[in-house]
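1. Need coordinates for the below:
(one chain, ligands or ions: 2)
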Amino acid sequence: MSLHGKLLIGSARVATDATFAAIDPATNGTLDTAFAQAGADHVAQACALAAAAFDSFRETSLELRASLLEKIADNILAIGDDLLVRAGAESGLPRARLEGERGRTMGQLRLFASVIRQGDWLGVRVDPAQPERKPLPRADLRLRHIPVGPVAVFGASNFPLAFSVAGGDTASALAAGCPVVVKGHPAHPGTSELVGEAIAAAVKELGLPEGVFSLLSGTTNELGGALVADPRIKAVGFTGSRAGGLALVRIAQARPEPIPVYAEMSSINPVVLLPAALKARAEALGQAFVGSLTMGAGQFCTNPGLIIAVDGPDLERFIAAATEAVGKTTPLVMLTPGIAKAYKQGVKALAGSPSATILAQAAEGEGNVCSAVLFSVSAADFLADPALAHEVFGSSSVIVRCPDVAAVKAVLEGLEGQLTATLHLDEADHDAAASLIPTLERRVGRILANAWPTGVEVCHAMVHGGPYPSTSDGRTTSVGTLAIDRFLRPVCYQDLPDALLPAAVKHANPLGLNRRVDGVVQPGK
Ligand SMILES: NC(=O)C1=CN([C@@H]2O[C@H](COP(=O)(O)OP(=O)(O)OC[C@H]3O[C@@H](n4cnc5c(N)ncnc54)[C@H](O)[C@@H]3O)[C@@H](O)[C@H]2O)C=CC1
Ligand SMILES: O=C(O)CCC(=O)C(=O)O
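-> Ligands and ions are numbered 1, 2, ... in the order given. Alright, predicted model coming up:
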């Protein structure tokens with residue numbers, strides 16, 4: 001494998017004097033290749049190309065755009081082993097996980113290709129003219145959705161493939177017809193380059209304008225800030241820290257033309273163990289919980305960071321099983337030295353809390369590793385100290401002991417917005433569960449029963465979003481096909497001659513789209 005370390009600005013490959021290197025988190029060693037540090041001029045060049053590409057890219061045929069996404073998926077697979085090897089070295093993630101993540105990345109691209117072809121995302125509505133209507137005639141009104149414009153995507157550290165250069169944000173933005181400028185995550189610049197070249201090659205192979213895709217690398221906050229501030233950027237997709245996401249929201253809001261930032265930030269994903277379920281299978285739940293908590297060193301925004309249950313012997317059985325399972329875990333390398341340091345600081349802060357008790361802690365390891373840890377706290381203490389509900393990114397979780405189900409509800413009411421909430425329940429728990437669901441609907445984006453929140457299905461009904469601060473905009477999702485809506489806006493055409501109408505809303509419906517005509521859904525072809 002040979003990496004060039006240059007910026008991908010459309011079809012140009014640009015080197016810079018200032019460079020940075022990737023770090024192998026397993027060894028703290030520097031990996032090969034000096035990567036370019038993009039500056040303000042490079043942001044401006046990439047955004048200018050993206051803006052120039054927008055009008056032609058957004059009117060490409062559905063078939064061509066679908067082919068682009070499929071071609072990107074094929075090109076990623078064709079990189080072969082080099083991609084997995086480099087991603088492993090840059091992230092510390094094991095090969096099997098990265099193989100799965102590559103499969104998911106290609107699956108997402110292909111799913112969005114099928115969405116593009118199907119065409120419902122255009123959301124066509126037609127209210128035909130009513131010239132005879134009294135007292136006033138009605139004009140002919142036709143609506144379709146168009147893409148918002150060039151989108152800035154920030155690659156995430158914890159999914160170097162599926163939430164990164166060709167991840168869900170890029171797939172959904174390209175599917176909508178938006179050119180994309182990616183700011184690669186500085187932890188995996190080599191992986192980013194390999195995937196970026198796969199996208200650029202697909203753009204070229206299909207004869208699309210070069211500005212459809214650019215990839216900028218760099219370590220500074222100024223780079224991300226300049227990208228979000230560029231007037232040609234019309235929306236932003238981000239997965240990462242709350243501080244980073246909110247910084248980008250502030251920049252976007254301070255622009256002369258404010259733009260939406262879809263930032264997926266922090267979540268502790270409460271899991272409620274209801275009494276009958278806990279009584280029936282406390283040990284199995286304890287073991288499964290630790291499996292979810294420690295998967296991928298807990299570096300998922302869906303990690304179960306909070307367990308809530310009624311205190312008593314059944315909860316003690318759960319804790320005993322979880323404690324035993326934690327004792328059997330081995331420390332895992334985290335994504336970056338900074339993330340490992342933040343984990344240790346977060347655990348230290350919890351351990352220093354006068355109200356939290358350490359229940360279990362896995363053996364410590366050397367280097368940038370995560371050792372799983374469990375805390376417990378009473379519901380009253382939890383409610384009194386908001387710091388106990390802060391996300392600790394890694395395998396750390398807090399068990400909240402409640403006197404009764406009413407206290408469980410109070411704890412849930414006290415939480416910030418979350419991506420997920422989980423109920424472990426049996427039939428005898430249904431009344432208790434029903435009393436909690438209205439609270440959960442207000443607090444989270446996805447409610448699960450008898451499962452664990454890690455592992456997000458990429459499909460049509462998925463919501464990977466939630467109220468602030470789990471995301472900056474709880475009206476949408478960053479996983480699943482609904483994610484395309486973030487990058488679309490409606491345009492209405494009133495009384496335009498048919499010859500001037502876009503194909504999606506022409507009278508004869510040449511694209512065979514499903515349409516809502518006078519409010520009634522009419523199937524297309
Ligand atoms: N909830 C979640 O899904 C995730 C949370 N995290 C949290 O974030 C911490 C740091 O991890 P990172 O992945 O590096 O996230 P991060 O938020 O620090 O960085 C993500 C991206 O945003 C950029 N960025 C960050 N702050 C910025 C600013 N003020 N202005 C402009 N650009 C900025 C970075 O350069 C990077 O490209 C972790 O320890 C963890 O707490 C990280 C990954 C996922
Ligand atoms: O588990 C998943 O598939 C999504 C998790 C995620 O978005 C994250 O950890 O940042």
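2. what phi and what psi does the backbone show at the residue lying closest to residue 205 once chain neighbours are set aside?
-> Distances taken as Cβ to Cβ, 6 or more residues apart in numbering place residue 71 nearest to residue 205, at 6.2 Å, with adjacent residues excluded. (Each C-beta comes from the backbone N, C-alpha and C, glycine too.) Here is the backbone geometry of residue 71 (degrees, to the nearest 10): phi -70, psi -40.
3. Can you give me the distance of residue 71 to residue 64?
-> Counting by Cβ to Cβ, to the nearest Å, the separation of residue 71 from residue 64 is 10 Å.
4. Can you pick out the residue with more neighbours from these two?
-> residue 71 (19 against 13; other Cβ atoms under 10 Å).
5. from memory the more buried one sits against residue 206, does it?
-> Yes - using Cβ atoms under 8 Å, residue 71 is in contact with residue 206, at 6.4 Å.
6. Near ligand 1, which residues of the protein are found?
-> By Cβ under 6 Å from any ligand atom, the residues of the chain that approach ligand 1 are 154, 156-158, 183, 185-186, 221, 224-225, 239-241, 244, 247-248, 264-266, 301, 339, 342, 393.
7. Can you list which of those are found in helices?
-> Using DSSP state H to define helices, the subset of the residues of the chain next to ligand 1 located there is 221, 224, 225, 244, 247, 248, 339, 342.
8. burial of whatever residue of the stretch 351-500 of the chain ends up closest to ligand 1, as a residue count?
-> Across the stretch 351-500 of the chain, the shortest distance to ligand 1 (Cβ to the nearest ligand atom) belongs to residue 393, at 3.4 Å. By other Cβ under 10 Å, 25 other residues sit near residue 393.
9. Just to check, it is in contact with residue 343?
-> Yes - using Cβ under 8 Å, residue 393 is in contact with residue 343, at 6.2 Å.
10. Which neighbours do residue 71 and residue 64 have in common?
-> residue 206 (Cβ atoms under 8 Å, 6 or more residues apart in numbering).
11. Name all residues that make contact with whichever residue of the stretch 1-150 of the chain sits closest to ligand 2.
-> The nearest approach of the stretch 1-150 of the chain to ligand 2 comes at residue 104, 7.6 Å away (Cβ to the nearest ligand atom). By Cβ under 8 Å, 6+ apart, the contact set of residue 104 is 161, 162, 458.
12. Give me the buried positions along the helix or strand encompassing it.
-> For residue 104, the host element (DSSP states H and E) is helix 95-118. For helix 95-118, a neighbour-count test (16 or more other Cβ atoms under 10 Å) marks 97-98, 101-102, 104-106, 108-113, 115-116 as buried.
13. Next: stretch 188-201.
-> Judged by neighbour count (16+ other Cβ under 10 Å), stretch 188-201 contains these buried residues: 188-200.
14. what does stretch 385-397 give?
-> Quick answer for stretch 385-397 (16+ other Cβ under 10 Å): 388, 389, 390, 391, 392, 393, 394, 395, 396, 397.
15. And stretch 114-130, by the same measure?
-> By neighbour count with 16+ other Cβ under 10 Å, stretch 114-130 contains the buried residues 115, 116, 119, 121, 122, 123, 124, 125, 126, 127.
16. So which of the ones in helices among the residues of the chain next to ligand 1 wins on neighbours?
-> That'd be residue 248 among these, by other Cβ under 10 Å, with 24 neighbours.
17. about what we covered before: identify, from the buried residues of stretch 188-201, the entry nearest to ligand 2.
-> Checking the buried residues of stretch 188-201 one by one against ligand 2 (Cβ to the nearest ligand atom), the nearest turns out to be residue 188, at 14.2 Å.
18. Report the separation between the closest one and residue 409.
-> Distance from residue 188 to residue 409, by Cβ to Cβ: 42 Å.
19. before we move on, what about residue 178?
-> 42 Å.
20. Which one's more surrounded, those two?
-> residue 178 (31 against 19).
21. Check the secondary structure at the more buried one for me.
-> coil (DSSP: H, G, I helix; E, B strand; the rest coil).
22. So it sits against residue 146, correct?
-> No - between residue 178 and residue 146 there is no contact under Cβ under 8 Å: 9.9 Å.
23. Residues that sit against both of the two, list them.
-> Contact criterion Cβ under 8 Å, 6+ apart; residues shared by residue 178 and residue 146: residue 58.
24. Could I get the pLDDT score of the residue nearest to residue 147 when sequence neighbours are not counted?
-> Distances taken as Cβ to Cβ, 6+ apart place residue 177 nearest to residue 147, at 3.7 Å, with adjacent residues excluded. With respect to pLDDT, residue 177 has a value of 98.
25. which ones are touching residue 177?
-> Contacts of residue 177 were listed using Cβ under 8 Å, 6+ apart, and they are 57, 58, 59, 60, 65, 146, 147.
26. Keep only those of those residues that are in strands.
-> Counting by DSSP state E, the members of the contacts of residue 177 that fall within strands are 146, 147.
27. and which of the contacts of residue 177 is nearest residue 483?
-> residue 147 (13.2 Å; Cβ to Cβ).
28. Would you check the distance separating stretch 276-283 from the middle of the chain?
-> Using Cα atoms, centre = their mean, to the nearest Å, the mean C-alpha position of stretch 276-283 is found 33 Å from that of the whole chain.
29. Residue of the stretch 1-150 of the chain closest to ligand 1, please.
-> Distances between the stretch 1-150 of the chain and ligand 1 by Cβ to the nearest ligand atom are smallest at residue 91, namely 10.8 Å.
30. what's around that residue, how many residues?
-> With other Cβ under 10 Å as criterion, residue 91 counts 29.
31. now the ones in helices among the residues of the chain next to ligand 1 as JSON lines including pLDDT and distance to ligand 2?
-> Converted to JSON lines, those look like this (pLDDT from 0 to 100; distance: Cβ to the nearest ligand atom, whole Å):
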{"residue": "221", "pLDDT": "98", "distance to ligand 2": "20"}
{"residue": "224", "pLDDT": "98", "distance to ligand 2": "17"}
{"residue": "225", "pLDDT": "98", "distance to ligand 2": "22"}
{"residue": "244", "pLDDT": "98", "distance to ligand 2": "13"}
{"residue": "247", "pLDDT": "98", "distance to ligand 2": "18"}
{"residue": "248", "pLDDT": "98", "distance to ligand 2": "16"}
{"residue": "339", "pLDDT": "98", "distance to ligand 2": "12"}
{"residue": "342", "pLDDT": "97", "distance to ligand 2": "15"}
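32. What are the boundaries of the helices in the protein?
-> Ranges of helices within the chain are 40-58, 62-79, 81-91, 95-118, 168-176, 189-205, 221-229, 242-254, 275-294, 313-327, 337-351, 379-384, 405-414, 430-443, based on DSSP H.
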